[in-house]
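Chemist: Turn this into a model:
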Amino acid sequence: MAVTFETRYLTDFVRDHELQAMQAQVTAAHEMLHAGSGLGNDFLGWLTLPTDYDKEEFARIQAAAERIKNDTDVFIVIGIGGSYLGARAVIEFLKSPLYNNLKKDTPDVYFAGKSISASELSELLSLCEGRRVSVNVISKSGTTTEPAIAFRVFREYLENTVGVEEARRRIYVTTDKAKGTLKGLADREGYETFVVPDDVGGRFSVLTAVGLLPIAVAGCDIAALMAGAAKAQNALCETDLTKNDCYKYAAMRNILLRKGRAVELMVSYEPRYAMMSEWWKQLYGESEGKDGKGLFPASVIFSTDLHSLGQFVQDGSDILAETVVVIDESPVTMTIKEDAENVDGLNFLAGRTMAQINQKAFEGTILAHTDGGTPNMVLHVPSVCEEELGYLVYFFEKACAISGYMLGVNPFNQPGVEEYKKNMFALLGKPGYEDQKAVLEQRLGK
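Modeler: Numbering: from 1, shown residues only. Okay, the predicted model is just below:
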């Protein structure tokens, strides 16, 4: 089985000839990507990563994960953006959004360094009290503000609670292979170190040590995850749009954008998919949102959000296109029982499973939304398992690259992200930003 793309609900919005007309652009994008001749070609390591990765480091990741599972109650993962979203998404999809609250034989996994919130950081520290703690700090440079602050705090916590030597054993660093502040510190202190590859950008890094160590600590099978991605790598190279669902998805979203559908709303009917949507939003938002172009990526969980945003999707302005991720096989079977009094009037559901009811919610909603004028694309994921998720991750990554090249942008840089950092550094008085500080404070009326 593999991820498949269904277009039956697009027939009133996209004609066959429109998709055919995209073939030349898709082929050109494919050739640029695989020849390494397009913009951002220094960051194409993800393209062959599922089959061409460091096997020795992979084995060290697995060994470290086993060690952490045996000596740790709370595993703190410090990172922001692509340094945490992928790992959290995979853990919550494969295990549960309530992973930390479940009975299990693996450590709780908490994510720090993704905000500048004193309350969040202090609450995480309180959760560590009296428990065995290990830390994985993830940063290419070691100087990104949010994770750097969190690492300062947790490094001090470990050194104060277990001593400097034991802290060194409990700190794991994922950073540049040769340079940077964090790499220098790790070498000096003797922390075990894993590599953020030079040719893989943060939002494409979930299948590197960036994502794999936390995922393995949570008890997920990272070998099966990589195997699924390898299957996608081999399968998704056909340029013919009628034979490659990944490229068809990329083409369809570009067609809809050109028709004025400026927002792509990712929909799932499983709460366990919520963080996968967050990972997808960074992947597409950071890759395509530049040069005044791109679809705005947003997300909902149905049927929950049908009771809040469903009205807009049904009857609001015509800016939306929905991409619905359907998990074909529910990981849990729960059947509705007969109730003698039938107080709620739901006995007509007796004998049906929750999955069957959820499927009817999907079918009823998609018909209503398309009748209301919102085009819908559907991605089918066969089941909740590592191999299928690995396939889906690679599917989205490659579709993103193809779509970005069709859009005429560099899918692998993020120049806009640096602007807020420069302003923040100046306002905080970082050395070297003195002139900019005065200008910004004047603009703020200070």
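Chemist: Is Met377 in a helix, a strand, or coil?
Modeler: At Met377 the chain is in strand, as set by DSSP: H, G, I helix; E, B strand; the rest coil.
Chemist: ok now do it, which residues does it touch?
Modeler: With C-beta atoms under 8 Å, 6 or more residues apart in numbering as the criterion, the residues that contact Met377 are Phe5, Glu6, Thr7, Tyr9, Leu10, Tyr249, Met252, Arg253, Ala321, Glu322, Thr323, Val324. In this view, the C-beta of every residue, glycine as well, is placed from N, C-alpha and C.
Chemist: Are any of these buried, and if so which?
Modeler: The neighbour-count criterion (16 or more other C-beta atoms under 10 Å) marks Phe5, Thr7, Tyr9, Leu10, Tyr249, Met252, Arg253, Ala321, Glu322, Thr323, Val324 among the contacts of Met377 as buried.
Chemist: From those, which land in helices?
Modeler: Of the positions in those, Tyr249, Met252, Arg253 sit in helices, assigned by DSSP state H.
Chemist: Quick test: name the residue nearest the centre of the chain.
Modeler: The C-alpha lying nearest the average C-alpha coordinate of the chain belongs to Trp279 (C-alpha atoms, centre = their mean; 2.0 Å).
Chemist: quick one: that residue from Ser96, how far?
Modeler: 16 Å (C-beta to C-beta, to the nearest Å).
Chemist: Just the buried positions in stretch 65-82, please.
Modeler: Counting neighbours by 16+ other C-beta under 10 Å, the buried set in stretch 65-82 is 65, 67-69, 72, 74-82.
Chemist: mind checking how far it is from the chain centre?
Modeler: The chain centroid and the centroid of stretch 65-82 are separated by 18 Å under C-alpha atoms, centre = their mean, to the nearest Å.
Chemist: Now the terminal residues of that stretch, how far apart.
Modeler: By C-alpha to C-alpha, to the nearest Å, the extent of stretch 65-82 from end to end equals 20 Å.
Chemist: For Tyr110, give me its contacts.
Modeler: Tyr110 is in contact with Val74, Phe75, Ile76, Val77, Asn100, Leu124, Leu127, counting by C-beta under 8 Å, 6+ apart.
Chemist: Dump those to a markdown table, plus distance to Leu379, secondary structure and pLDDT.
Modeler: Written out in a markdown table, the entries for these read as follows (distance: C-beta to C-beta, whole Å; DSSP: H, G, I helix; E, B strand; the rest coil; pLDDT from 0 to 100):
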| residue | distance to Leu379 | secondary structure | pLDDT |
| --- | --- | --- | --- |
| Val74 | 35 | strand | 98 |
| Phe75 | 31 | strand | 98 |
| Ile76 | 33 | strand | 98 |
| Val77 | 28 | strand | 98 |
| Asn100 | 28 | helix | 98 |
| Leu124 | 34 | helix | 97 |
| Leu127 | 35 | helix | 97 |
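Chemist: and which of those residues is nearest to Val200?
Modeler: Using C-beta to C-beta, the shortest approach to Val200 within these belongs to Val77, at 18.0 Å.
Chemist: check contacts around the closest one.
Modeler: If you count contacts by C-beta under 8 Å, 6+ apart, then Val77 has Tyr84, Ala87, Arg88, Val109, Tyr110, Phe111, Ala112, Val135, Asn136, Ile138, Pro214 around it.
Chemist: All the helices of the stretch 251-400 of the chain, in order from the start?
Modeler: Chain-ordered helices for the stretch 251-400 of the chain, with DSSP state H, counting those that start in this stretch as the definition, fall at 274-288, 310-315, 354-371, 386-407.
Chemist: Among the ones you listed, show me which one is buried the most.
Modeler: Comparing the helices of the stretch 251-400 of the chain on average neighbours per residue, with mean count of other C-beta atoms under 10 Å, the densest one is helix 386-407 at a mean of 25.
Chemist: Tell me how far that helix lies from the chain's centre.
Modeler: Here helix 386-407 is found 11 Å from its chain centre; the criterion is C-alpha atoms, centre = their mean.
Chemist: and if you look at stretch 360-372?
Modeler: Relative to its parent chain, stretch 360-372 has a centroid offset of 27 Å by C-alpha atoms, centre = their mean.
Chemist: What score does Val417 have for pLDDT?
Modeler: Here, the pLDDT recorded for Val417 equals 74.
Chemist: Look up the closest residue to it, ignoring the ones flanking it.
Modeler: Glu286 (7.0 Å; C-beta to C-beta, 6 or more residues apart in numbering).
Chemist: could you check the distance from the one you found over to Pro297?
Modeler: Summarising the geometry, the distance separating Glu286 from Pro297, computed by C-beta to C-beta, is 10 Å.
Chemist: Please apply the same query to Ile336.
Modeler: The span separating Ile336 from Pro297 equals 35 Å under the rule C-beta to C-beta.
Chemist: out of the two, which sits in the busier spot?
Modeler: Neighbours around Ile336 and Pro297, counted as other C-beta atoms under 10 Å, are more numerous at Pro297. The numbers are 22 against 16.
Chemist: Who is the more buried one paired with across the strands?
Modeler: Here Pro297 sits in beta bridges with Glu264, as judged by DSSP bridges.
Chemist: Who are the contact partners of it?
Modeler: Applying C-beta under 8 Å, 6+ apart, the residues contacting Pro297 are Val263, Glu264, Met266, Trp280, Lys281, Tyr284, Gly285.
Chemist: Ok, Glu264 next?
Modeler: Contacts were defined as C-beta under 8 Å, 6+ apart; by that measure Glu264 touches Arg253, Leu256, Tyr284, Leu295, Phe296, Pro297, Ala298, Leu320, Ala321, Glu322, Thr323.
Chemist: Nothing else from me, thank you.
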